[in-house]
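K.L.:
this is a predicted model, with the sequence first.
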Amino acid sequence: MSLRARCPEAGVTGVCMCFSGSRGVVGAVVLGSLLNAFPARAERCTELPVMLIVQDKSNSMWGYPNASCTTANPCDSKWEIASTVVPDVAAEFTGGFRYAMSLYPGDGASSNSCSLTNLQQLNIGATAEDIQTAFMDATPAGATPTADALQQARQYLVANNVAAPGYVLLVTDGLPNCNIALDPNASTCSCTVPKTGSPLTCPTKRCLDDVGTRQSAADLRAAGYTVFVVGFGSEVTANNNVAVLNAVAAAGGTGSAYIADNATGLYNQLRTIINGVNNCCQDACALGDVECAPSETARNVCQLGAEGCNVWATQPCGNGSVCNATTEMCTTCNSTCTAGAQQCVNDGTQRTCVADSRGCTSWQNQACVPGTTCTGNSCSSCTNTCTAGATRCDGNGTQTCVVNAQGCTGWSATNACLGGSVCNNGACTLCNGTCVAGARECTDVSAARLCVADAQGCTSWTAQTCNVGETCGGGECNSCNACTGGETRCSGNLPQTCVTDDLAGCTAWTTGTACGVNQVCGNGGCQDCADICDTGASRCSNNGVETCVSSPGECNRWEPKTACAPTEACVNSACCTNTCTAGATQCNGAGEVQVCVTQTSGCTGWSSQTLCAAGEACFDATCRVTCELTGEGDTNCPEGSECIILTDTAGYCSPVDPGTGGTSSSSGFMGTRMDAGPQGGVGGGEEEEELKANACGCETSSPDGAPVALVGVAAALSLVIRRRKRL
């Protein structure tokens, strides 16, 4: 069937190809000239084949890919190159495969581990971004259990019902080992690492597992899956290493291994492999779309591929440029230095400017080995400037000789001495003050000295020679005849007398003995203080507190008072608060009678005096017998008393006022008393009407016509009415 016959709905001249997908049947017309440029090798398909990448992440992947890479001329490691190239190639052929990935050995493997525990696995349907993330999350370590990794790949494909064609892409930098069944001491053991010990012996699990690995590849091929082998790194070309990898590839159905020892070679080999089996495609993008490649070293442009499907085409950015994710254009790197430059940082560490695979530069720190430090932009032997632990003074601070991370000694930063101390012999010590700052004295008749304090607060004498025609008196240089002989004066609390110097024949002030306690210098002599008080004493004055203070050269005096608050009173030299009126009484919540007394502070406060007995309660500051109402009258009040109602059922007994003739009413803060009339009631109808009127808060008149304030309230009237109903 011709391509034209398969796509009759196109209705155009040329060649068309059809595929079925989620968007239905789509026709892609390829004109004759375009067909020659992009020969159609494949058809659009409904389900893409699976490409399972089995990536070696053994410890050796940290090494350089070839011998041209050295410490002096560093390159990216094999792992760093693979983590960039593999995702890029996968992205380029996104529309041709369903990807899965397995990184071996498992996570957490030690340098000699063959474990596949915690194996990092990307399930079918993984994207190029997922593959790049897997590389970023992985840390190369352990040996190379290639045979087991391929067996696990076969089990995974079979378990997920992957039908042929299916592909396994093995990327490894070395020979397979880890077969514990192989005897490391046997002559048949070809060791994949240098032998150790005496005699030389191959470490356990390090014998070449070429037979087992070939068998694993053959098992994959028998299950319908093709195995491609990529040997990455110059080590795979040494000795018979290529032959081992070729045999694995042959067993997997691909004839021979693909070899690469740099980033470009790896990219080309992977692309050759995948492109060779890319005979079924789906559109990976929309024509004209542009995005940055995961590695940021290139930009991907969506175009019509050779298979007739839209694919991403990689356009590498030039050296020294990266793809900007915002503009999706290649822009110059934001390099921070010139490749190869070196310099020292403050902590003695050396750093070198390194260019990455994109040509972008950045600083990388490299600690100097013990016994060396970074000077002159490179690591060199230490120049010990002091003995570790020694101290010295630096200004008015101390420095200590310390050992840095490189094992070299040097002086630490200066620790300043605190005020009042000075650095002496490498340590801060308290000042040895010899005088009081500001003091003056004469050293002889023609010289004086002044006591001064330095920045640390330490004091010392500063000498001053008197000028010609001056003499020292009272610690100061004065004119020869500074005073009249016999004259007196006060200098602070020191009396001074004007005397004639026998040597110079000049008059000068001479300081006498300082005045004593409770004395003050006045009129040139010491005088006893009047109105003396004891230092620290206190007293009340006009509702405030005064305190006796003293000052040098002055008599003791009462300091102005500290006034008490308006609610306080000064008693016994202190401010306190009166909480009640002396002699007043009250009931507290505990059923006690309290009396207002004068306390030790001098102010009044409540004091509990009487606890009411059983059957009594405190009412109106008095213990009274309690009573209860039964509905038939008072039950337990003695003769001559009545029950004052507090609640519907309780009250207290109160004597009846005989002056009322048996009828009275009174109101207190604790209850209402109602005296019974002759029949045990509370009065006649007129009296009740009067009480009701009074309850409204109105006024009435007494019999003589004078206005009378009513004492009844609505609550009292209610109690009266309830009592009358009970009685």
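P.N.:
Here it is on my side, so go on.
K.L.:
can you tell me how far the closest residue to residue 536 other than its chain neighbours is from residue 562?
P.N.:
Distances taken as Cβ to Cβ, 6 or more residues apart in numbering put residue 548 closest to residue 536, at 6.3 Å, once the chain neighbours are dropped. Glycine gets a C-beta too; all of them are placed from N, C-alpha and C. Distance, residue 548 to residue 562, using Cβ to Cβ, to the nearest Å: 13 Å.
K.L.:
what about those two, which has more around it?
P.N.:
Shown here are residue 548 and residue 562; by other Cβ atoms under 10 Å, residue 548 has more neighbours (16 against 13).
K.L.:
check which helices and strands whichever helix or strand the more buried one is part of is in contact with.
P.N.:
Assessed by DSSP states H and E, residue 548 sits inside strand 544-549. When contacts are defined as 3 or more Cβ pairs under 8 Å, 6 or more residues apart in numbering; DSSP states H and E, strand 544-549 packs onto strand 538-540, strand 557-563, strand 574-577.
K.L.:
show me which positions of the first one end up buried.
P.N.:
For strand 538-540, the neighbour count (16 or more other Cβ atoms under 10 Å) marks 538, 540 as buried.
K.L.:
residue 260 pairs with what?
P.N.:
Taking DSSP bridges as the rule, residue 260 bridges to residue 232.
K.L.:
isn't it right up against residue 271?
P.N.:
No: at 11.0 Å, residue 260 does not count as touching residue 271 under the criterion of Cβ atoms under 8 Å.
K.L.:
of these two, which one has the most company?
P.N.:
Set side by side, residue 260 and residue 271 show more neighbours around residue 260, with 24 against 17, by other Cβ under 10 Å.
K.L.:
dump the residue contacts of the residue nearest to residue 571 when sequence neighbours are not counted.
P.N.:
Nearest residue to residue 571 in three dimensions, chain neighbours excluded: residue 602, at 2.5 Å (Cβ to Cβ, 6+ apart). For residue 602, the contacting residues are 569, 571-572, 574, 576, by Cβ atoms under 8 Å, 6 or more residues apart in numbering.
K.L.:
got any ranges where the stretch 601-727 of the chain has weak pLDDT?
P.N.:
Flagging of the stretch 601-727 of the chain using pLDDT under 70 yields the residue ranges 629-635, 647-650, 657-727.
K.L.:
what helix or strand is residue 497 on?
P.N.:
strand 494-500.
K.L.:
where does the stretch 201-350 of the chain dip in pLDDT?
P.N.:
Scanning the stretch 201-350 of the chain for pLDDT under 70 picks out the ranges 306-307, 346-348.
K.L.:
show me where it has its strands.
P.N.:
Counting by DSSP state E, counting those that start in this stretch, the stretch 201-350 of the chain has strands at residues 225-232, 258-260, 280-281, 290-292, 298-304, 310-316, 321-324, 329-332, 342-344, 350-355.
K.L.:
winner for burial among these?
P.N.:
Comparing the strands of the stretch 201-350 of the chain by mean neighbour count (mean count of other Cβ atoms under 10 Å), strand 225-232 comes out on top with a mean of 26.
K.L.:
now for it, which elements pack on it?
P.N.:
Judged by 3+ Cβ pairs under 8 Å, 6+ apart, the packing partners of strand 225-232 are helix 78-92, helix 146-159, strand 166-172, helix 210-222, helix 241-251, strand 258-260, helix 263-276.
K.L.:
which residues sit against the last one?
P.N.:
This means helix 263-276. Here helix 263-276 makes contact (Cβ under 8 Å, 6+ apart) with 51, 65, 76, 81-82, 84-86, 88-89, 92-93, 96-97, 169, 171, 228, 230, 232, 258-260, 357.
K.L.:
before we move on, back to that, out of the strands of the stretch 201-350 of the chain, nearest to residue 489?
P.N.:
With Cβ to Cβ, the closest approach to residue 489 among the strands of the stretch 201-350 of the chain belongs to strand 342-344: 71.3 Å.
K.L.:
would you list the phi and psi of the residue nearest to residue 419 when sequence neighbours are not counted?
P.N.:
The shortest distance from residue 419 to any non-neighbouring residue, by Cβ to Cβ, 6+ apart, is to residue 457 (5.2 Å). With angles defined as degrees, to the nearest 10, residue 457 sits at phi 90, psi 10.
K.L.:
ok, residue 457 - contacts?
P.N.:
By Cβ under 8 Å, 6+ apart, residue 457 lies in contact with 419-420, 431.
K.L.:
mind checking pLDDT for it?
P.N.:
pLDDT recorded at residue 457 is 73.
K.L.:
distance of the residue nearest to residue 311 when sequence neighbours are not counted relative to residue 145?
P.N.:
Closest residue to residue 311 apart from its sequence neighbours, by Cβ to Cβ, 6+ apart: residue 305 at 3.6 Å. Applying Cβ to Cβ, the value for residue 305 to residue 145 is 37 Å.
K.L.:
looking at these two, which is more packed in?
P.N.:
Shown here are residue 305 and residue 145; by other Cβ under 10 Å, residue 145 has more neighbours (28 against 24).
K.L.:
contact partners for that one?
P.N.:
Residues near residue 145 by Cβ under 8 Å, 6+ apart: 104-105, 114-116, 176-178.
K.L.:
reformat the residues you listed as JSON lines; add pLDDT and neighbour count.
P.N.:
Output for the contacts of residue 145, formatted as JSON lines (pLDDT from 0 to 100; neighbours: other Cβ atoms under 10 Å):
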{"residue": "104", "pLDDT": "94", "neighbour count": "29"}
{"residue": "105", "pLDDT": "93", "neighbour count": "29"}
{"residue": "114", "pLDDT": "89", "neighbour count": "23"}
{"residue": "115", "pLDDT": "88", "neighbour count": "18"}
{"residue": "116", "pLDDT": "88", "neighbour count": "18"}
{"residue": "176", "pLDDT": "95", "neighbour count": "29"}
{"residue": "177", "pLDDT": "94", "neighbour count": "27"}
{"residue": "178", "pLDDT": "93", "neighbour count": "29"}
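K.L.:
just the helices in the stretch 551-700 of the chain please.
P.N.:
Listed in chain order, the helices found in the stretch 551-700 of the chain under DSSP state H, counting those that start in this stretch are 685-694.
K.L.:
distance between stretch 202-213 and the chain's centre?
P.N.:
51 Å (Cα atoms, centre = their mean, to the nearest Å).
K.L.:
how about residues contacting that stretch?
P.N.:
By Cβ under 8 Å, 6+ apart, stretch 202-213 touches 112, 114, 143, 146-147, 150, 175-180, 182-185, 189-193, 195-196, 244, 247-248.
K.L.:
buried subset of the residues you listed?
P.N.:
Neighbour counting by 16+ other Cβ under 10 Å classes 114, 143, 146-147, 150, 175-179, 182, 189-192, 244, 247-248 among the contacts of stretch 202-213 as buried.
K.L.:
returning to what we had before: I'd like the contacts of residue 602 as CSV, with pLDDT and distance to residue 224 appended.
P.N.:
Below are the contacts of residue 602 laid out as CSV (pLDDT from 0 to 100; distance: Cβ to Cβ, whole Å):
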residue, pLDDT, distance to residue 224
569, 84, 109
571, 85, 110
572, 79, 110
574, 85, 105
576, 90, 104
